[in-house]
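*Asks:* My questions are about this predicted structure, shown below with the sequence.
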There are 2 protein chains.
Amino acid sequence: MAGRNTVQREIVLEELRGLANHPTADEVYESVHAKHSSISKATVYRILNKLAEEGVALRVKINNGADHFDHQVFDHYHVRCVRCGRVDDVEVPSQASLEEQAARTSGYQICGHTLQFDGICPECQKS
Amino acid sequence: MAGRNTVQREIVLEELRGLANHPTADEVYESVHAKHSSISKATVYRILNKLAEEGVALRVKINNGADHFDHQVFDHYHVRCVRCGRVDDVEVPSQASLEEQAARTSGYQICGHTLQFDGICPECQKS
DNA sequence: CTATGTGCAAAGCCTTTGCACCCCC
DNA sequence: GGGGGTGCAAAGGCTTTGCACATAG
(Lines give C-alpha, C1' and ligand atoms only; values in the text may rest on other atoms or scores of the structure.)
Protein backbone atom coordinates (compact mmCIF):
# COMPACT_ATOMS: atom_id res chain seq x y z
CA MET A 1 0.00 0.00 0.00
CA ALA A 2 1.21 3.43 -0.87
CA GLY A 3 0.69 4.93 2.55
CA ARG A 4 0.03 4.38 6.22
CA ASN A 5 -2.89 2.55 7.59
CA THR A 6 -4.39 5.20 9.81
CA VAL A 7 -7.53 5.09 11.89
CA GLN A 8 -9.11 7.75 9.67
CA ARG A 9 -8.43 5.76 6.57
CA GLU A 10 -10.09 2.69 8.06
CA ILE A 11 -13.15 4.68 9.04
CA VAL A 12 -13.53 6.37 5.68
CA LEU A 13 -13.14 3.10 3.83
CA GLU A 14 -15.67 1.37 6.05
CA GLU A 15 -18.13 4.20 5.65
CA LEU A 16 -17.69 4.23 1.90
CA ARG A 17 -18.47 0.52 1.80
CA GLY A 18 -21.45 1.02 4.04
CA LEU A 19 -22.99 3.74 1.91
CA ALA A 20 -24.64 1.87 -0.89
CA ASN A 21 -25.35 4.41 -3.50
CA HIS A 22 -22.28 6.09 -4.88
CA PRO A 23 -21.99 8.80 -2.27
CA THR A 24 -20.31 12.11 -2.99
CA ALA A 25 -17.22 13.02 -1.04
CA ASP A 26 -19.37 15.30 1.04
CA GLU A 27 -21.86 12.55 1.81
CA VAL A 28 -19.03 10.32 2.95
CA TYR A 29 -17.78 13.15 5.09
CA GLU A 30 -21.21 13.74 6.65
CA SER A 31 -21.55 10.09 7.41
CA VAL A 32 -18.07 9.83 8.89
CA HIS A 33 -18.46 13.07 10.78
CA ALA A 34 -21.72 11.94 12.37
CA LYS A 35 -19.93 9.09 14.08
CA HIS A 36 -16.47 10.59 14.51
CA SER A 37 -16.86 14.31 14.80
CA SER A 38 -13.15 14.94 15.04
CA ILE A 39 -12.39 13.84 11.49
CA SER A 40 -12.09 16.80 9.18
CA LYS A 41 -13.44 17.28 5.71
CA ALA A 42 -9.99 17.81 4.26
CA THR A 43 -8.93 14.42 5.55
CA VAL A 44 -11.92 12.68 4.03
CA TYR A 45 -11.24 14.33 0.69
CA ARG A 46 -7.57 13.42 0.89
CA ILE A 47 -8.30 9.82 1.78
CA LEU A 48 -10.87 9.42 -0.97
CA ASN A 49 -8.41 10.82 -3.47
CA LYS A 50 -5.81 8.40 -2.32
CA LEU A 51 -8.17 5.44 -2.43
CA ALA A 52 -9.12 6.33 -5.97
CA GLU A 53 -5.50 6.71 -6.94
CA GLU A 54 -4.64 3.32 -5.46
CA GLY A 55 -7.56 1.69 -7.22
CA VAL A 56 -9.29 0.78 -3.98
CA ALA A 57 -12.24 3.00 -4.84
CA LEU A 58 -13.59 4.48 -8.03
CA ARG A 59 -14.09 8.17 -8.59
CA VAL A 60 -17.22 8.68 -10.67
CA LYS A 61 -17.21 12.01 -12.45
CA ILE A 62 -20.78 13.03 -12.93
CA ASN A 63 -21.76 15.64 -15.45
CA ASN A 64 -23.46 17.82 -12.94
CA GLY A 65 -22.16 18.70 -9.55
CA ALA A 66 -19.91 16.82 -7.22
CA ASP A 67 -17.89 13.69 -7.87
CA HIS A 68 -19.22 10.42 -6.52
CA PHE A 69 -17.22 7.54 -5.12
CA ASP A 70 -17.81 3.86 -5.64
CA HIS A 71 -16.35 1.05 -3.60
CA GLN A 72 -16.95 -1.34 -6.50
CA VAL A 73 -13.87 -1.09 -8.62
CA PHE A 74 -14.65 -3.48 -11.43
CA ASP A 75 -15.15 -1.94 -14.83
CA HIS A 76 -18.70 -0.68 -15.16
CA TYR A 77 -20.76 2.31 -16.19
CA HIS A 78 -23.22 4.55 -14.44
CA VAL A 79 -26.55 6.19 -14.99
CA ARG A 80 -27.59 9.40 -13.31
CA CYS A 81 -31.11 10.59 -12.61
CA VAL A 82 -31.54 14.06 -14.04
CA ARG A 83 -34.31 14.74 -11.54
CA CYS A 84 -32.89 13.66 -8.20
CA GLY A 85 -29.20 13.19 -8.94
CA ARG A 86 -29.18 9.55 -7.87
CA VAL A 87 -26.47 7.42 -9.46
CA ASP A 88 -26.78 3.72 -10.22
CA ASP A 89 -24.70 1.04 -11.86
CA VAL A 90 -25.64 0.00 -15.34
CA GLU A 91 -25.04 -3.40 -16.86
CA VAL A 92 -23.68 -2.61 -20.26
CA PRO A 93 -20.63 -4.49 -21.52
CA SER A 94 -17.38 -2.59 -21.57
CA GLN A 95 -16.93 -0.67 -24.78
CA ALA A 96 -13.17 -0.80 -24.60
CA SER A 97 -12.99 -1.71 -28.28
CA LEU A 98 -14.14 1.78 -29.16
CA GLU A 99 -10.80 3.05 -27.98
CA GLU A 100 -9.08 1.51 -30.98
CA GLN A 101 -11.41 3.31 -33.33
CA ALA A 102 -10.94 6.55 -31.48
CA ALA A 103 -7.18 6.15 -31.62
CA ARG A 104 -7.22 5.48 -35.35
CA THR A 105 -9.31 8.47 -36.28
CA SER A 106 -7.88 11.00 -33.86
CA GLY A 107 -4.19 10.25 -33.75
CA TYR A 108 -4.37 10.27 -29.97
CA GLN A 109 -2.84 7.55 -27.90
CA ILE A 110 -5.98 6.55 -26.03
CA CYS A 111 -5.69 5.53 -22.40
CA GLY A 112 -9.27 5.38 -21.26
CA HIS A 113 -12.85 6.34 -21.79
CA THR A 114 -15.91 7.36 -19.85
CA LEU A 115 -19.47 6.40 -20.64
CA GLN A 116 -22.35 7.73 -18.64
CA PHE A 117 -26.09 7.59 -19.12
CA ASP A 118 -28.65 10.18 -18.13
CA GLY A 119 -32.23 9.31 -17.39
CA ILE A 120 -35.04 9.28 -14.91
CA CYS A 121 -34.86 6.76 -12.11
CA PRO A 122 -37.75 4.39 -11.37
CA GLU A 123 -38.61 6.38 -8.26
CA CYS A 124 -38.83 9.70 -10.09
CA GLN A 125 -40.80 8.17 -12.95
CA LYS A 126 -43.72 7.70 -10.57
CA SER A 127 -44.25 11.42 -10.11
CA MET B 1 -35.61 32.24 -30.74
CA ALA B 2 -36.12 32.14 -27.03
CA GLY B 3 -34.74 35.59 -26.38
CA ARG B 4 -33.60 38.89 -27.74
CA ASN B 5 -31.02 39.27 -30.39
CA THR B 6 -28.55 41.50 -28.60
CA VAL B 7 -25.24 42.83 -29.79
CA GLN B 8 -23.45 40.81 -27.14
CA ARG B 9 -25.09 37.62 -28.25
CA GLU B 10 -23.99 38.21 -31.84
CA ILE B 11 -20.44 38.85 -30.76
CA VAL B 12 -20.20 35.80 -28.52
CA LEU B 13 -21.65 33.54 -31.17
CA GLU B 14 -19.28 34.86 -33.80
CA GLU B 15 -16.33 34.44 -31.51
CA LEU B 16 -17.36 30.90 -30.59
CA ARG B 17 -17.50 30.03 -34.27
CA GLY B 18 -14.13 31.61 -34.86
CA LEU B 19 -12.38 29.69 -32.12
CA ALA B 20 -11.66 26.31 -33.61
CA ASN B 21 -10.83 24.09 -30.76
CA HIS B 22 -13.61 23.68 -28.24
CA PRO B 23 -12.84 26.74 -26.17
CA THR B 24 -13.78 26.95 -22.53
CA ALA B 25 -16.21 29.64 -21.45
CA ASP B 26 -13.27 31.58 -20.16
CA GLU B 27 -11.40 31.32 -23.44
CA VAL B 28 -14.45 32.65 -25.25
CA TYR B 29 -14.61 35.46 -22.74
CA GLU B 30 -10.93 36.34 -23.19
CA SER B 31 -11.35 36.39 -26.93
CA VAL B 32 -14.49 38.50 -26.78
CA HIS B 33 -13.04 40.78 -24.16
CA ALA B 34 -9.92 41.44 -26.24
CA LYS B 35 -12.04 43.00 -28.98
CA HIS B 36 -14.90 44.38 -26.95
CA SER B 37 -13.61 45.19 -23.51
CA SER B 38 -16.97 46.32 -22.22
CA ILE B 39 -18.55 42.86 -22.36
CA SER B 40 -18.51 41.20 -18.99
CA LYS B 41 -17.70 37.66 -18.06
CA ALA B 42 -21.13 37.08 -16.57
CA THR B 43 -22.71 37.98 -19.87
CA VAL B 44 -20.52 35.59 -21.81
CA TYR B 45 -21.34 32.78 -19.40
CA ARG B 46 -25.04 33.59 -19.58
CA ILE B 47 -25.03 33.69 -23.36
CA LEU B 48 -23.12 30.43 -23.68
CA ASN B 49 -25.58 28.77 -21.34
CA LYS B 50 -28.45 30.01 -23.37
CA LEU B 51 -26.90 28.93 -26.66
CA ALA B 52 -26.35 25.46 -25.25
CA GLU B 53 -29.91 25.35 -23.97
CA GLU B 54 -31.26 26.38 -27.35
CA GLY B 55 -29.14 23.79 -29.12
CA VAL B 56 -27.16 26.42 -31.00
CA ALA B 57 -23.96 25.33 -29.27
CA LEU B 58 -22.85 22.22 -27.47
CA ARG B 59 -21.60 22.19 -23.92
CA VAL B 60 -18.85 19.62 -23.59
CA LYS B 61 -18.40 18.48 -20.02
CA ILE B 62 -14.84 17.42 -19.58
CA ASN B 63 -13.74 15.24 -16.72
CA ASN B 64 -11.19 17.65 -15.48
CA GLY B 65 -11.63 21.35 -15.15
CA ALA B 66 -13.81 23.75 -17.03
CA ASP B 67 -16.57 23.02 -19.50
CA HIS B 68 -15.84 23.49 -23.17
CA PHE B 69 -18.17 24.78 -25.85
CA ASP B 70 -18.54 23.53 -29.38
CA HIS B 71 -20.27 25.33 -32.21
CA GLN B 72 -20.69 22.02 -34.00
CA VAL B 73 -23.94 20.63 -32.73
CA PHE B 74 -24.18 17.35 -34.60
CA ASP B 75 -23.91 14.22 -32.51
CA HIS B 76 -20.27 13.39 -31.89
CA TYR B 77 -17.79 12.45 -29.20
CA HIS B 78 -14.64 14.00 -27.86
CA VAL B 79 -11.17 13.05 -26.77
CA ARG B 80 -9.18 14.97 -24.25
CA CYS B 81 -5.43 15.11 -23.87
CA VAL B 82 -4.51 14.23 -20.31
CA ARG B 83 -1.25 16.16 -20.69
CA CYS B 84 -2.27 19.50 -22.18
CA GLY B 85 -6.05 19.48 -21.82
CA ARG B 86 -6.67 19.90 -25.51
CA VAL B 87 -10.03 18.59 -26.74
CA ASP B 88 -10.68 17.15 -30.20
CA ASP B 89 -13.55 15.55 -32.04
CA VAL B 90 -13.46 11.82 -32.48
CA GLU B 91 -15.00 9.92 -35.35
CA VAL B 92 -16.74 7.08 -33.62
CA PRO B 93 -20.30 6.22 -34.61
CA SER B 94 -22.99 7.17 -32.17
CA GLN B 95 -23.60 4.48 -29.60
CA ALA B 96 -27.21 5.44 -29.11
CA SER B 97 -28.23 1.78 -29.16
CA LEU B 98 -26.53 1.32 -25.82
CA GLU B 99 -29.26 3.40 -24.27
CA GLU B 100 -31.77 0.62 -24.80
CA GLN B 101 -29.56 -1.84 -23.01
CA ALA B 102 -28.98 0.59 -20.19
CA ALA B 103 -32.72 1.20 -19.88
CA ARG B 104 -33.47 -2.50 -19.74
CA THR B 105 -30.98 -3.34 -17.05
CA SER B 106 -31.39 -0.27 -14.88
CA GLY B 107 -35.09 0.50 -15.01
CA TYR B 108 -34.22 4.09 -15.77
CA GLN B 109 -35.92 5.97 -18.57
CA ILE B 110 -32.78 6.91 -20.47
CA CYS B 111 -32.64 10.29 -22.15
CA GLY B 112 -29.03 10.57 -23.18
CA HIS B 113 -25.47 9.48 -22.77
CA THR B 114 -21.97 10.85 -22.74
CA LEU B 115 -18.90 9.15 -24.12
CA GLN B 116 -15.51 10.69 -23.78
CA PHE B 117 -12.02 9.41 -24.47
CA ASP B 118 -8.83 10.25 -22.66
CA GLY B 119 -5.46 10.05 -24.28
CA ILE B 120 -2.33 11.83 -25.33
CA CYS B 121 -2.55 14.12 -28.31
CA PRO B 122 -0.15 13.83 -31.25
CA GLU B 123 1.64 16.98 -30.15
CA CYS B 124 2.26 15.73 -26.61
CA GLN B 125 3.32 12.29 -27.82
CA LYS B 126 6.44 13.88 -29.28
CA SER B 127 7.83 14.85 -25.91
C1' DC C 1 -43.48 50.63 -22.29
C1' DT C 2 -41.85 46.47 -20.07
C1' DA C 3 -39.76 42.13 -20.05
C1' DT C 4 -35.32 40.65 -20.85
C1' DG C 5 -30.46 41.35 -21.14
C1' DT C 6 -26.26 43.51 -19.18
C1' DG C 7 -22.32 44.88 -16.00
C1' DC C 8 -20.37 44.66 -11.76
C1' DA C 9 -19.10 42.50 -7.77
C1' DA C 10 -20.09 39.26 -4.53
C1' DA C 11 -21.27 34.71 -3.33
C1' DG C 12 -21.61 29.70 -4.19
C1' DC C 13 -20.13 25.12 -4.77
C1' DC C 14 -16.78 21.65 -4.65
C1' DT C 15 -12.16 20.85 -3.81
C1' DT C 16 -7.38 21.66 -2.68
C1' DT C 17 -3.61 23.63 0.07
C1' DG C 18 -0.40 25.93 3.70
C1' DC C 19 0.90 25.32 8.04
C1' DA C 20 1.60 23.56 12.57
C1' DC C 21 0.96 19.58 15.11
C1' DC C 22 0.67 14.46 15.58
C1' DC C 23 1.60 9.65 15.20
C1' DC C 24 2.50 5.34 12.65
C1' DC C 25 6.31 2.42 11.39
C1' DG D 1 12.69 10.25 15.18
C1' DG D 2 11.39 11.19 10.68
C1' DG D 3 8.23 11.32 6.94
C1' DG D 4 3.73 10.89 5.95
C1' DG D 5 -1.04 12.00 7.88
C1' DT D 6 -4.28 15.23 10.12
C1' DG D 7 -7.12 19.40 11.44
C1' DC D 8 -8.17 23.92 10.68
C1' DA D 9 -9.10 27.65 8.01
C1' DA D 10 -8.18 29.96 4.06
C1' DA D 11 -7.74 30.10 -0.90
C1' DG D 12 -8.62 28.24 -5.43
C1' DG D 13 -11.09 27.42 -9.92
C1' DC D 14 -15.19 27.69 -12.26
C1' DT D 15 -19.73 29.36 -12.43
C1' DT D 16 -23.90 31.62 -10.96
C1' DT D 17 -26.60 35.39 -8.93
C1' DG D 18 -28.56 39.92 -6.87
C1' DC D 19 -29.12 44.29 -8.03
C1' DA D 20 -29.52 48.54 -10.58
C1' DC D 21 -29.37 50.16 -15.14
C1' DA D 22 -29.89 49.72 -20.23
C1' DT D 23 -32.35 48.23 -24.30
C1' DA D 24 -34.75 45.28 -27.82
C1' DG D 25 -39.18 44.53 -29.67
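*Replies:* Looks like it came in fine.
*Asks:* Please identify the helix or strand for A:Ile11.
*Replies:* helix A:7-18 (DSSP states H and E).
*Asks:* Need the single longest strand in chain A, by residues.
*Replies:* Ranked by residue count, the top strand of chain A under DSSP state E comes out as strand A:109-120.
*Asks:* near chain B, anything from that one?
*Replies:* Yes: counting by C-beta under 8 Å from any C-beta of the partner chain, chain B has neighbours in strand A:109-120: A:Gln109, A:Ile110, A:Cys111, A:Gly112, A:His113, A:Thr114, A:Leu115, A:Gln116, A:Phe117, A:Asp118, A:Gly119, A:Ile120. Any C-beta I mention is one placed from the backbone N, CA and C, and that applies to glycine too.
*Asks:* sorry, back to before: against which helices or strands is the following helix or strand past the helix holding A:Ile11 packed?
*Replies:* Downstream of helix A:7-18, the next assigned helix or strand under DSSP H and E is helix A:25-35. With contacts taken as 3 or more C-beta pairs under 8 Å, 6 or more residues apart in numbering or on different chains; DSSP states H and E, helix A:25-35 sits against helix A:7-18, helix A:41-54.
*Asks:* closest point of chain A to DNA strand D, which residue?
*Replies:* Using C-beta to the nearest atom of the strand, A:Gly3 is the residue of chain A that sits closest to DNA strand D, at 2.6 Å.
*Asks:* Looks to me like that residue is in a strand.
*Replies:* No: counting by DSSP: H, G, I helix; E, B strand; the rest coil, A:Gly3 is not found in a strand; it is coil.
*Asks:* picking up where we left off before, what subset of the residues of strand A:109-120 next to chain B is buried?
*Replies:* Buried by 16 or more other C-beta atoms under 10 Å in any protein chain shown: A:Ile110, A:His113, A:Thr114, A:Leu115, A:Gln116, A:Phe117, A:Asp118, A:Gly119, A:Ile120, out of the residues of strand A:109-120 next to chain B.
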